[in-house]
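J.: Next one to model:
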Amino acid sequence: MQSDVDLAKRVELESLIKKSRIPAQLDYIQSATGLILGLFMWGAYAFSIKYINLKRCDVRRHQNDGR
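T.: All right, here's what the predicted structure looks like:
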């Protein structure tokens, strides 16, 4: 078993070791790319609905022109 002194030294050494910032940076990158993807999907959905509605109006105009 380790003595209390050895354990205290180990805890002190672990606290002095600098932690890596890479995981935090990867989290920010993942959040940003998720936001970009979400905005793209929202824009594509809005554009497709608008395009479908315009297409319906155009078809109705052509049907009414034939009367």
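J.: Check the offset of the helix or strand containing residue 37 from the chain's centre.
T.: Assigned by DSSP states H and E, residue 37 belongs to helix 22-65. Distance, stretch centre to chain centre, for helix 22-65: 15 Å (C-alpha atoms, centre = their mean, to the nearest Å).
J.: ditto for stretch 8-15
T.: 37 Å.
J.: hmm, which helix or strand of this protein has the shakiest average pLDDT?
T.: helix 4-16 (a mean of 74; mean pLDDT, DSSP states H and E).
J.: Poorly predicted segments of this protein, please.
T.: For the chain, the stretches with pLDDT under 70 are 1-2, 58-67.
J.: switch the cut-off to 90
T.: 1-21, 46-67 (pLDDT under 90).
J.: Grab the most central residue of it for me.
T.: The centre of the chain sits closest to residue 34, judged by C-alpha atoms, centre = their mean, with a distance of 1.3 Å.
J.: measure residue 41 to residue 32 for me?
T.: 15 Å (C-beta to C-beta, to the nearest Å). In short, each C-beta sits where N, CA and C put it, glycine included.
J.: Same check on residue 4?
T.: Going from residue 4 to residue 32 by C-beta to C-beta gives 46 Å.
J.: Looking at those two, which has the bigger crowd around it?
T.: Neighbour count, other C-beta atoms under 10 Å: between residue 4 and residue 32, residue 32 has more, with 10 against 7.
J.: For the more buried one, give its distance to residue 23.
T.: Residue 32 is 15 Å from residue 23, where distance means C-beta to C-beta.
J.: And residue 39, by the same measure?
T.: Residue 39 is 25 Å from residue 23, by C-beta to C-beta.
J.: Pull out the buried residues from the least confident helix or strand of the chain.
T.: Judged by neighbour count using 16 or more other C-beta atoms under 10 Å, helix 4-16 contains no buried positions.
J.: And stretch 14-27, by the same measure?
T.: Within stretch 14-27, no residue is scored as buried using 16+ other C-beta under 10 Å.
J.: Could you export it as PDB, CA atoms only?
T.: The C-alpha trace of stretch 14-27 is given here as PDB (Å, rounded to 0.1, in the frame of the first residue of the first chain):
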ATOM      1  CA  GLU A  14      -1.000  15.100 -11.400                       C
ATOM      2  CA  SER A  15      -2.300  18.600 -10.600                       C
ATOM      3  CA  LEU A  16       0.800  20.200 -12.100                       C
ATOM      4  CA  ILE A  17       0.600  18.300 -15.400                       C
ATOM      5  CA  LYS A  18      -1.000  20.500 -18.000                       C
ATOM      6  CA  LYS A  19      -4.200  19.100 -19.500                       C
ATOM      7  CA  SER A  20      -4.600  18.900 -23.200                       C
ATOM      8  CA  ARG A  21      -6.900  21.500 -24.800                       C
ATOM      9  CA  ILE A  22      -7.500  19.400 -27.900                       C
ATOM     10  CA  PRO A  23     -10.700  17.800 -26.700                       C
ATOM     11  CA  ALA A  24     -12.200  21.200 -25.900                       C
ATOM     12  CA  GLN A  25     -11.200  22.500 -29.300                       C
ATOM     13  CA  LEU A  26     -12.700  19.500 -31.000                       C
ATOM     14  CA  ASP A  27     -16.000  20.100 -29.200                       C
END
